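*Asks:* pasting the structure only:
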């Protein structure tokens, strides 16, 4: 008979999921940066590339705290979101709407990450793991800030250019 799974197991599964997602995002960000026409949008993607590398390192520290190997678990959600971004790059290449589409795809990624990190942070608190909680909170703050930056770029430039 299989042992009953608990919040510790769920926490580890979600950690593997977001670890996989971050690795996929690291592959997608340079492509999105190259495709962007807006210098501000390109710079935001490049900055977030650096942040994402740090986020992966923090996740690896959490795996280490748990005494587990840092291993990802295929995440269909992030693959779907990234595939939508690829479609936008293909379908809107060389159009004024490309950057608005790239930005929307990037925000879909951010919202997914904010959701995951918020959940993991709550679970780390419930599991009385203050070290993991602190690391997850650092990432959550970065993800929210990136989302705010993308919103500003959309509202001040990219959406206007797409509508012109």
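*Replies:* Nice, I can see it. Since we're looking at a predicted model, the values are computed, not measured.
*Asks:* following the particular helix or strand that has residue 116 in it, which helix or strand comes up?
*Replies:* Assigned by DSSP states H and E, residue 116 belongs to helix 98-126. Using DSSP H and E, the helix or strand that follows helix 98-126 towards the C-terminus is helix 130-153.
*Asks:* list the buried residues in that next one.
*Replies:* 132-133, 135-137, 139-140, 142-143, 146-147, 149-150, 153 (16 or more other Cβ atoms under 10 Å). In short, each C-beta sits where N, CA and C put it, glycine included.
*Asks:* how about the contacts made by the nearest residue to residue 149 once chain neighbours are set aside?
*Replies:* In space, and not counting its chain neighbours, residue 149 is closest to residue 44: 5.5 Å by Cβ to Cβ, 6 or more residues apart in numbering. By Cβ atoms under 8 Å, 6 or more residues apart in numbering, the contact set of residue 44 is 106, 146, 149-150, 153.
*Asks:* cool, and residue 70?
*Replies:* Residue 70 neighbours (Cβ under 8 Å, 6+ apart): 19, 59-60, 63-64.
*Asks:* try 10 Å this time
*Replies:* By Cβ atoms under 10 Å, 6 or more residues apart in numbering, the contact set of residue 70 is 15-16, 19, 56-57, 59-64.
*Asks:* on the three-state scheme, it is what?
*Replies:* Recorded secondary structure, residue 70: coil (DSSP: H, G, I helix; E, B strand; the rest coil).
*Asks:* I'd like to know how many residues surround residue 75.
*Replies:* 22 (other Cβ atoms under 10 Å).
*Asks:* could you measure from the residue nearest to residue 149 over to residue 130?
*Replies:* As judged by Cβ to Cβ, to the nearest Å, residue 44 and residue 130 stand 31 Å apart.
*Asks:* over to residue 71?
*Replies:* 24 Å.
*Asks:* now do residue 99
*Replies:* Residue 99 is 41 Å from residue 130, by Cβ to Cβ.
*Asks:* neighbours of residue 45, how many?
*Replies:* Neighbours of residue 45 (other Cβ under 10 Å): 24.
*Asks:* now swap in residue 21 and tell me
*Replies:* For residue 21, the neighbour count with other Cβ under 10 Å is 25.
*Asks:* that one against residue 79, yeah?
*Replies:* Yes. The pair residue 21 / residue 79 is scored as a contact, 8.7 Å apart, by Cβ atoms under 10 Å.
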